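Colleague: output the structure for:
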Amino acid sequence: MRLQRILAAAGVASRRGAEEYLRAGRVTVNGEPAELGQSADPARDLIRVDGKRIVPEPLEYWLVNKPLGVVTTVRDPAGRETIRDLVPQSRVRLVPVGRLDRDTEGLVVLSNDGPLHHALLHPSHEIEREYAVRVRGRMDDATLRRLAQGVELDEGHTARARVERVRRMRDATALQLTLIEGRKRQIRRTLSALGHPVLSLRRVRMGPLRLSRLPGGAARRLTAYERDALLRHAGLAAGRGKPVRSSGGKGAARRTKDRASKRPRK
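Modeller: Okay, the predicted model is just below:
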């Protein structure tokens, strides 16, 4: 594993900050000065920063139901409440996997597992994100087909999407929208381009994880089953990190597994 990733996972600094440490000669591996781009094994190699031994943090995986108004960052210069503030019981350096804007609520994964971050966000993995959306105006069938086929934005055509559970009201439309890409404010920009501005937006699923009944503003650790399912979904080895138990114990994990096994495969 690259040293900058090891240092970031240990909570020493961000990956960019770790690169600066390496350039400044502040990092040694087995007593020898380390170089930028060098790899090491934290389980076997002695890694020090400014003479202090680095011990990797235990891997943690959290699910948060982000409420409106919270920013999806670790810290905010303006002093606004952040997604990290919703997990005060964890002391490791948790980082959100992807972002939701302030006006969007719903599911956010936080972890200190760097490879998981990369795998879930890399376009090649096509990790599905599912949203409950309500827009202004009644969307006709032709517009819904355009939404599913992708829409031309400033930076290019969006990927195809899945549109389900459409419910038309007098002056609004509710629907479930599933994407495999995550451009900045993509859903809002796409629907505005179609003439139907977003009234409310909530992420309810990311890969195999569902928000279910987690209250707004609440956070919980992933169960061992959820964690391993997420790692497998991202193409990583399951079972890494210390197993955790949900507040419901093994029974809750088993019920989650049973429910998941009944869902049709996508």
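
Colleague: which residues touch Glu126?
Modeller: 180-181 (C-beta atoms under 8 Å, 6 or more residues apart in numbering). Quick note: C-beta positions are derived from backbone N, CA and C, even for glycine.

Colleague: so how far is Leu22 from it?
Modeller: According to C-beta to C-beta, to the nearest Å, Glu126 and Leu22 sit 33 Å apart.

Colleague: tell me the contacts of the closest residue to Ala218 other than its chain neighbours?
Modeller: Setting aside the residues directly before and after it, Ala218 is nearest to Asn65 in space (C-beta to C-beta, 6 or more residues apart in numbering), at 5.5 Å. For Asn65, the contacting residues are 105-108, 211, 214-219, taking C-beta under 8 Å, 6+ apart as the criterion.

Colleague: inside strands: which ones of these?
Modeller: Among these, the members falling in strands are 105-108, 219 (criterion: DSSP state E).

Colleague: could I get the residues you listed as JSON lines with distance to Glu32 and pLDDT?
Modeller: Compiled in JSON lines, the ones in strands among the contacts of Asn65 are given as follows (distance: C-beta to C-beta, whole Å; pLDDT from 0 to 100):
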{"residue": "Glu105", "distance to Glu32": "49", "pLDDT": "97"}
{"residue": "Gly106", "distance to Glu32": "47", "pLDDT": "97"}
{"residue": "Leu107", "distance to Glu32": "44", "pLDDT": "97"}
{"residue": "Val108", "distance to Glu32": "40", "pLDDT": "97"}
{"residue": "Ala219", "distance to Glu32": "41", "pLDDT": "96"}
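
Colleague: what's the closest of the residues you listed to Val92?
Modeller: For Val92, the nearest member of the ones in strands among the contacts of Asn65 is Ala219. The distance, counting by C-beta to C-beta, is 13.5 Å.

Colleague: isn't the closest one up against Leu63?
Modeller: Yes: contact status for Ala219 versus Leu63: in contact at 6.9 Å, counting by C-beta atoms under 8 Å.

Colleague: give me the buried entries from the contacts of Asn65.
Modeller: Listed as buried from those are 105-108, 211, 219; burial here means 16 or more other C-beta atoms under 10 Å.

Colleague: for those residues, give me CSV that also has distance to Ile47.
Modeller: Written out in CSV, the entries for these read as follows (distance: C-beta to C-beta, whole Å):
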residue, distance to Ile47
Glu105, 40
Gly106, 38
Leu107, 34
Val108, 30
Leu211, 38
Ala219, 31
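
Colleague: how is the chain divided into domains?
Modeller: Domain ranges of the chain: 3-53, 61-123+208-258, 128-206, per automatic domain parsing.

Colleague: low pLDDT regions in the chain?
Modeller: Judged against pLDDT under 70, the low-scoring parts of the chain cover residues 238-266.

Colleague: need the residue closest to the centroid of it.
Modeller: Most central residue of the chain, judged by C-alpha distance to the mean C-alpha position with C-alpha atoms, centre = their mean, is Val97 at 2.7 Å.

Colleague: quick one: strands adjacent to the helix or strand where Trp62 lies?
Modeller: When secondary structure is defined by DSSP states H and E, Trp62 falls within strand 61-66. The strands beside strand 61-66 in its sheet (DSSP bridges) come out as strand 105-111 (antiparallel), strand 219-221 (antiparallel).
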